[in-house]
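Novice: Predicted coordinates and the sequence they were generated for:
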Amino acid sequence: MPGPYVIRGSVSLPEAELLWRFSRSSGPGGQHVNTTDSQVELRFDLAKTEALPPVWKERALASLAGRLVDGVIGVRASEHRSQWRNRETAAVRLASLLAEATAPPPKPRRATRIPRGINERRLREKKQRSDTKRGRSGRDWG
C-alpha cells in the first residue's frame, strides 16, 4: 500500500489500526472471480483510536453514529478485478469519509433583510408583466 492515507492536514489513517478482510467478490472478473478473494472490507475502530484529535473524534462519532457498529466503521470495495485496486479504493473511501465526518460545522447563516428598493423593483416588474399579458387578451377589442 502506498504511503499513509491523509484525512486532513497532518492527520492520517494509522496502518496498525486498520483491519482488512478479503472475500470473493460478486463483481466483474468472469471465471477469475470464483478463484480469488478480490472483495475488500476495511474496518477502523473509531471509538478506540488515538490517531485522531479528541475534538475530531467526537465529531466523527456523532456524525457517523448511524454507520458505526460498536464504535467500528466499515467500508467495502469490490468494483475492481484486482484485490490491490480494491484495497486502494477502500482506504481512500475511508479517509474521505473520516475527513467529511471530522470537518468543522459550517458557520450559521446570518439573517438579512431584502432591501426595499429591490422589493419595489420586483413588484414594479411584476405589474408591467401583468399589464403586458392583460393587453394580449381579446377582451378590450371590440
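Specialist: Perfect, I can see it now. Residues are numbered from 1 along each chain as shown.
Novice: give me phi/psi at A111?
Specialist: Torsion angles at A111 (phi, psi; degrees, to the nearest 10) stand at phi -70, psi 130.
Novice: try the one 4 residues further on
Specialist: Backbone torsions for P115, taken as degrees, to the nearest 10, come to phi -60, psi 150.
Novice: and the helix or strand containing L42, what does it pack onto?
Specialist: L42 belongs to strand 39-45 when assigned by DSSP states H and E. Applying 3 or more Cβ pairs under 8 Å, 6 or more residues apart in numbering; DSSP states H and E, we find strand 39-45 packed against strand 18-23, strand 72-77, helix 83-102. C-betas here are computed from N, CA, C, even on glycine.
Novice: could you redo the ones you listed as CSV and give each row distance to D131 and mean neighbour count?
Specialist: Formatted as CSV, the helices and strands packed on strand 39-45 follow (distance: least, Cβ to Cβ, whole Å; neighbours: other Cβ atoms under 10 Å):
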stretch, distance to D131, mean neighbour count
strand 18-23, 69, 13
strand 72-77, 60, 18
helix 83-102, 51, 18
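Novice: ok, and for the strand holding L42, which residues are buried?
Specialist: For strand 39-45, a neighbour-count test (16 or more other Cβ atoms under 10 Å) marks 39-44 as buried.
Novice: Export the helices and strands packed on strand 39-45 as a markdown table, with columns for distance to A65.
Specialist: As requested, the helices and strands packed on strand 39-45 are exported to a markdown table (distance: least, Cβ to Cβ, whole Å):
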| stretch | distance to A65 |
| --- | --- |
| strand 18-23 | 20 |
| strand 72-77 | 10 |
| helix 83-102 | 10 |
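Novice: any weak-confidence spans in this protein?
Specialist: Scanning the chain for pLDDT under 70 picks out 1-3, 27-34, 140-142.
Novice: Relative to P105, how far out is R93?
Specialist: Here the criterion is Cβ to Cβ, to the nearest Å. By it, R93 lies 23 Å from P105.
Novice: and if you look at T112?
Specialist: Using Cβ to Cβ, one gets 21 Å for the distance from T112 to P105.
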